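Chemist: Sequence plus predicted model, see below.
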Amino acid sequence: MKRILVKGVNWLGDAVMTLPALRAIKARFPGSRMSVLTKGNLADLYACEPAVDEVLPYGGGFVPFLRLVARLRREKFDVAFMFPRSFRASLAPFVSRIPRRVGFAGDARGPVLTDAIDRGEKLMTNHRVAYYLELLRPFGDVPAATAPEIVPPAEAKAWAAVNLPGNSWAGLNPGATYGKAKQWYPERFIEIGRRLAARGFRVAVVGGPAEAALGAKVAEAIGPAATNFSGKTTLPRLAALIARCAVFVTNDTGPMHVAAAVGAPVVAIFGPTDPRTTRPFGERHTIVRHEVECSPCLLRECPIDHPCMRDLPVEQVWAACEGWVK
Ligand code: SF4
């Protein structure tokens with residue numbers, strides 16, 4: 001297999017959790033060239049990954065789809081690994097006649113896959129890092145899961161060194177793009193930020209462009225020790241920023257996985273999602289959650305009165321922070 005196409009997943013956190021699989025695929029086929037097909041907003045992430053030789057950003061629409069198919073045909077890929085499990089994600093490799101098409105079974109994809117990986121219950125309760133590695137199953141043993149790793153490029157590190165001078169930084173990520181159900185409350189993040197500031201930390205508030213107003217509100221309420229970086233960083237700069245933090249307090253989101261992948265200590269707040277499958281990979285993290293029978297519900301909006309977050313007090317999250325910054 002010399003020419004490998006990877007169809008990447010659509011969410012930042014999932015994309016980070018696929019990185020060990022990309023490395024394992026590259027190692028399984030020495031001398032191969034790997035191209036990753038991805039939504040434009042994740043292109044920067046794959047550009048940081050040494051296993052990836054080429055990033056192919058793509059958008060929606062019929063004409064761009066036809067252009068993509070023509071390009072994939074020209075490049076004569078030997079195999080396509082499709083990480084998302086939607087029918088749509090597998091269509092371009094199928095129409096382009098890539099001879100081996102590997103993906104997870106489901107969503108009526110039988111005819112478009114040559115190698116369909118069964119998603120049994122055990123696989124579904126595995127950590128997502130291990131789950132994605134299963135795509136190697138048709139090519140021999142599946143390697144053990146290893147931690148995702150992001151090495152920010154020099155430009156991003158230089159930017160972070162200028163914008164986060166000194167060593168005493170802590171990070172807060174109060175948003176959750178997926179939906180409000182995953183969000184611990186801004187006023188509680190503000191209290192954590194104030195306590196970190198009282199300990200001598202400067203506080204970096206981060207988030208995506210849609211969370212800029214939330215980040216501004218949280219940073220302003222914390223006071224002069226806080227700076228709002230929400231919506232103001234590229235992905236590599238976000239990774240470099242988080243790498244400078246002594247602790248990163250976050251909802252279960254993409255930046256949480258970025259934090260784990262740059263080796264920052266993470267305090268990860270879980271509510272509707274399942275830490276068995278999406279906790280930060282590795283040892284340098286503390287999971288904080290209030291156990292409720294309805295979790296994991298995986299909903300974007302809570303249909304009741306949000307006890308998984310409502311009953312998670314500041315003291316519990318602060319105790320986890322103190323474990324990393326005392
Ligand atoms: S249904 Fe339960 S687990 Fe889901 S968001 Fe609401 S309280 Fe949390």
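Modeler: On my side now, so go ahead. Numbering: from 1, shown residues only.
Chemist: How about the contacts made by the closest residue in space to Pro209 that isn't next to it in sequence?
Modeler: On the basis of Cβ to Cβ, 6 or more residues apart in numbering, the spatially nearest residue to Pro209 that is not a chain neighbour turns out to be Gly231, at 3.9 Å. In this view, the C-beta of every residue, glycine as well, is placed from N, C-alpha and C. By Cβ atoms under 8 Å, 6 or more residues apart in numbering, Gly231 lies in contact with 207-212, 215.
Chemist: just the helices in this protein please.
Modeler: 12-28, 43-47, 62-75, 87-95, 121-125, 128-133, 154-163, 186-198, 212-222, 235-243, 254-261, 275-278, 307-310, 314-325 (DSSP state H).
Chemist: For the ligand, which of those helices is the nearest?
Modeler: Smallest distance to the ligand across the helices of the chain (Cβ to the nearest ligand atom): 3.2 Å, for helix 307-310.
Chemist: how far does the closest one sit from the chain's center?
Modeler: Remark: helix 307-310 is offset 23 Å from the chain centroid, using Cα atoms, centre = their mean, to the nearest Å.
Chemist: just stretch 208-224 next, same as before
Modeler: When distances are taken as Cα atoms, centre = their mean, stretch 208-224 is centred 21 Å away from the chain's centroid.
Chemist: For it, which outside residues touch it?
Modeler: Residues outside stretch 208-224 that contact it (Cβ under 8 Å, 6+ apart) are 172, 174-175, 177, 186-187, 189-190, 193-194, 197, 203, 205-207, 226-232.
Chemist: Format the CA atom coordinates belonging to that stretch as PDB.
Modeler: Provided in PDB are the C-alpha atoms of stretch 208-224 (Å, rounded to 0.1, in the frame of the first residue of the first chain):
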ATOM      1  CA  GLY A 208     -13.700  28.700  19.700                       C
ATOM      2  CA  PRO A 209     -15.000  31.700  17.700                       C
ATOM      3  CA  ALA A 210     -18.600  31.000  18.800                       C
ATOM      4  CA  GLU A 211     -17.500  31.200  22.400                       C
ATOM      5  CA  ALA A 212     -15.700  34.600  22.200                       C
ATOM      6  CA  ALA A 213     -18.500  36.400  24.100                       C
ATOM      7  CA  LEU A 214     -18.500  33.800  26.800                       C
ATOM      8  CA  GLY A 215     -14.700  33.900  27.100                       C
ATOM      9  CA  ALA A 216     -14.800  37.700  27.400                       C
ATOM     10  CA  LYS A 217     -17.400  37.600  30.100                       C
ATOM     11  CA  VAL A 218     -15.500  35.000  32.100                       C
ATOM     12  CA  ALA A 219     -12.200  36.800  31.800                       C
ATOM     13  CA  GLU A 220     -13.600  40.100  32.700                       C
ATOM     14  CA  ALA A 221     -15.300  38.700  35.800                       C
ATOM     15  CA  ILE A 222     -12.100  37.100  36.900                       C
ATOM     16  CA  GLY A 223     -10.300  40.400  36.800                       C
ATOM     17  CA  PRO A 224      -6.900  41.700  35.500                       C
END
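Chemist: Report the rounded mean pLDDT for it.
Modeler: Across stretch 208-224, the average pLDDT comes to 96.
Chemist: Let me see the confidence value for the residue lying closest to Gly110 once chain neighbours are set aside.
Modeler: Distances taken as Cβ to Cβ, 6+ apart place Ala116 nearest to Gly110, at 6.5 Å, with adjacent residues excluded. Note on Ala116: pLDDT of 92.
Chemist: on that earlier part again, I would like a PyMOL command selecting only the buried ones among the contacts of stretch 208-224, please.
Modeler: To isolate the buried subset of the contacts of stretch 208-224 in PyMOL, counting by 16 or more other Cβ atoms under 10 Å, use the following:
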select buried, resi 172+174+175+177+186+189+190+193+194+197+203+205+206+207+226+227+228+229+230+231+232
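Chemist: same for the ligand: which of the contacts of stretch 208-224 are within range?
Modeler: By Cβ under 6 Å from any ligand atom, no member of these lies near the ligand.
Chemist: tell me the domain ranges of the chain?
Modeler: Domain assignment for the chain by automatic domain parsing gives 3-139, 154-325.
Chemist: any idea how far Pro303 lies from the ligand?
Modeler: Separation of Pro303 from the ligand (Cβ to the nearest ligand atom, to the nearest Å): 6 Å.
Chemist: what's around that residue, how many residues?
Modeler: When neighbours are defined as other Cβ atoms under 10 Å, Pro303 has 9 of them.
Chemist: ok, now Thr286?
Modeler: 18.
Chemist: Output the helix or strand of the chain with the lowest mean pLDDT as PDB - backbone C-alpha positions only.
Modeler: Within the chain, no helix or strand scores below helix 121-125, which has a mean of 80 by mean pLDDT, DSSP states H and E. Once non-C-alpha atoms are left out, helix 121-125 reads as follows in PDB (Å, rounded to 0.1, in the frame of the first residue of the first chain):
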ATOM      1  CA  GLU A 121     -20.500  -3.600  22.300                       C
ATOM      2  CA  LYS A 122     -17.000  -4.100  23.600                       C
ATOM      3  CA  LEU A 123     -15.600  -1.900  20.800                       C
ATOM      4  CA  MET A 124     -18.200   0.800  21.600                       C
ATOM      5  CA  THR A 125     -17.200   0.900  25.300                       C
END
